[in-house]
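Q: A predicted structure for the sequence below; I have some questions about it.
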Amino acid sequence: MGLLEQIPAVLYFFVPAYVANMSPVLVRNHFHSLAAPIDGGLTWRGQRVLGDHKTWRGLIAGILVAPLVLEFQIFLHRAGYLHELALIDYASCSAWLGVLLGTGTGLGDSIKSFFKRQIGIAPGRPWVFFDQVDFLFGAYAFVCLVYVPPLLATLACLPIVFLGSLAVTATAAWLGMKESWL
């Protein structure tokens, strides 16, 4: 499979990560007992480690949603659909791949938030490019524990992921689900 054929396959492979990345916004008004900040209010060098926007609710939502999306991909594959987009054999795939994608998504976002806090960017304020692609780097790193997606094709997907994230975030802001369109 050449690079141009790999790009749609890589995008499809990371669909569970995309949905996991959106899940914190979708559960924002639910599961209030899990709304506690992951960092517990801790600071480092005078700045919050992650901030109030990074909650257990969002992290857990992504970890739970990604395997569900992967299960749907497995169902489609077994039903004979989208075989041309398969980087892996979805028929023999485990839901643990989805757990890795969801965990990596949440941790990639949290690592980016740590750096945002350290350079003085407030929670909820944009950090263009990094806010849009952080989840992909985290998901890639975690999924490499069991499968290494083609790196060059994954990097070639960054402009698509960036523009797609901008579109989704702008739509969420327009719907009143997010404060900022960036």
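A: Yep, that arrived. Numbering: from 1, shown residues only.

Q: next up, the contacts around the closest residue to Glu71 other than its chain neighbours.
A: With sequence-adjacent residues excluded and distances taken as Cβ to Cβ, 6 or more residues apart in numbering, Glu71 is closest to Ala95, at 6.1 Å. C-beta here means a position set from N, CA and C on the backbone, and glycine is covered the same way. Contacts of Ala95 were listed using Cβ atoms under 8 Å, 6 or more residues apart in numbering, and they are 67, 70-71.

Q: for the closest residue to Tyr90 other than its chain neighbours, helix, strand, or coil?
A: Here the nearest residue to Tyr90 in space, its sequence neighbours aside, is His77; by Cβ to Cβ, 6+ apart that works out to 3.5 Å. Under the three-state scheme (DSSP: H, G, I helix; E, B strand; the rest coil), His77 adopts helix.

Q: how close does the residue of the chain positioned farthest from its centre get to Ala35?
A: When distances to the mean C-alpha position of the chain are computed (Cα atoms, centre = their mean), the maximum falls on Gly46, with 28.0 Å. Distance, Gly46 to Ala35, using Cβ to Cβ, to the nearest Å: 25 Å.

Q: neighbours of the residue nearest to Tyr90, how many?
A: Residues lying near His77 (other Cβ atoms under 10 Å) number 19.

Q: same thing with Trp56?
A: 16.

Q: same check, this time on Gly40
A: 9.

Q: again with the one 3 residues further on
A: Taking other Cβ under 10 Å as the neighbour definition, Thr43 ends up with a count of 10.

Q: all set now, cheers.
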